[in-house]
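Participant: How does the following fold in three dimensions:
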Amino acid sequence: MASLLDMRRRIKSVKNTQQITKAMKMVAAAKLKRAQDRVTAARPYAVKMNEVLGGLSAKVSNDFSHPLLNDRGDEKYLIVLVTADKGLCGGFNANLMKAAQAFIAGHEGRDISMMPVGRKGRDFFRRRNFHFVEEYIGLTGSGRAELSDAREISANIIKTFVEDESIDKVFLVFTEFKTVISQQVKVEQLLPIPRIEGESESEGGPEAEYIYELPPAEIFGKLLPKQVETQVYRAMLESVASEQGARMTAMDSASKNAGELIDTLTLNMNRIRQADITREIIEVVSGAAAL
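Facilitator: Now for the predicted structure:
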């Protein structure tokens, strides 16, 4: 049986851990509020831009050709996996790894390379000898996603897709923020940009009609790279918000578990102390009786 001193040391150790988890929860809550505001502001623009460009590209498919729109084969994929740089955020990173592995297993026979954004995804697939086109580490460690970083990543994706014609499709794997306790892993095709046939302005309404002031080639030449940049930036914002929400939830659970463990250890310590006191009383009474 552990001694009274050992129990006191264990209780002190758990209390110190609980202080750390509570502090981490507070930090995550502060970062989550900022990240949630940013993703809420950026999401409508990204969704609407994807909807409009998807509908436009379908309308001009017979009159206009662009490298980011043209369909290729279905043999070689590039996965852009957005994970966290740090752990201690529950199943956030593990769910992303499982989704990426499930996607790879579901497309057996394809030649798949990867562009990890985040240390956890990079480390996981490096151990499995995956080919990396490029890797981006330390971009979201501060709890923020910068547009300049998304612009750099999207430019590299476009350059790789256009110059390496053997890459047929590019997929984006990230976590979409729902609520603090709910995040959903998404796998979306980034390139070639999907064409949305029969896109209407509203459900059940007439198809939207657009008037072009510039030739389609000039319009799409500027908007399509912007579309890739916007979707990458949105994925990074969603990932940061989801990471902080998952970390806040995980640290809250850890703090509660530490409190329960402290109560259990305190109860055991009191039992040990009571047993020691009882034994000492018995020894005193036995000694007095012997005299």
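Participant: Wait, a strand at Leu68?
Facilitator: No: Leu68: not assigned to a strand; according to DSSP: H, G, I helix; E, B strand; the rest coil it is coil.
Participant: The residue lying closest to it once chain neighbours are set aside: neighbour count?
Facilitator: Distances taken as Cβ to Cβ, 6 or more residues apart in numbering place Leu224 nearest to Leu68, at 4.5 Å, with adjacent residues excluded. (Each C-beta comes from the backbone N, C-alpha and C, glycine too.) Neighbours of Leu224 under the rule other Cβ atoms under 10 Å: 20.
Participant: Quick one: mean pLDDT over the helix or strand Leu224 falls within.
Facilitator: In this structure, Leu224 sits in helix 216-290 according to DSSP states H and E. The average pLDDT within helix 216-290 is 89.
Participant: what residue is smack in the middle of the protein?
Facilitator: Ser239 (3.9 Å; Cα atoms, centre = their mean).
Participant: That residue reaches Asp85, doesn't it?
Facilitator: No: Ser239 is beyond contact range of Asp85, at 10.6 Å (criterion: Cβ atoms under 8 Å).
Participant: Quickly list what's touching both of these two.
Facilitator: 118, 140 (Cβ atoms under 8 Å, 6 or more residues apart in numbering).
Participant: and the gap between Leu56 and Arg119?
Facilitator: Computed as Cβ to Cβ, to the nearest Å, the Leu56 to Arg119 distance reads 38 Å.
Participant: Now Leu139: closest residue in space that isn't a chain neighbour?
Facilitator: That would be Asp149: by Cβ to Cβ, 6+ apart, it lies 4.7 Å from Leu139.
Participant: Near Gly143, how many residues? Count them for me, please.
Facilitator: Around Gly143 there are 18 other residues, counting by other Cβ under 10 Å.
Participant: Likewise for Lys48?
Facilitator: When neighbours are counted by other Cβ under 10 Å, Lys48 registers 10.
Participant: which stretches of this protein have low pLDDT?
Facilitator: Within the chain, the ranges that satisfy pLDDT under 70 run 1, 58-64, 197-210, 212, 291.
Participant: For it, just list every one of the helices.
Facilitator: Taking DSSP state H as the test, the helices found in the chain are 4-59, 92-106, 119-126, 147-163, 216-290.
Participant: Now Lys86, what are its backbone angles?
Facilitator: Main-chain dihedrals, Lys86, degrees, to the nearest 10: phi -130, psi 160.
Participant: go on, the one 3 residues further on?
Facilitator: When read as degrees, to the nearest 10, the backbone of Cys89 gives phi -130, psi 40.
Participant: With Glu75 instead?
Facilitator: phi -110, psi -40.
Participant: Number of residues surrounding Ser166?
Facilitator: 10.
Participant: That one contacts Arg110, correct?
Facilitator: No: Ser166 is beyond contact range of Arg110, at 11.7 Å (criterion: Cβ under 8 Å).
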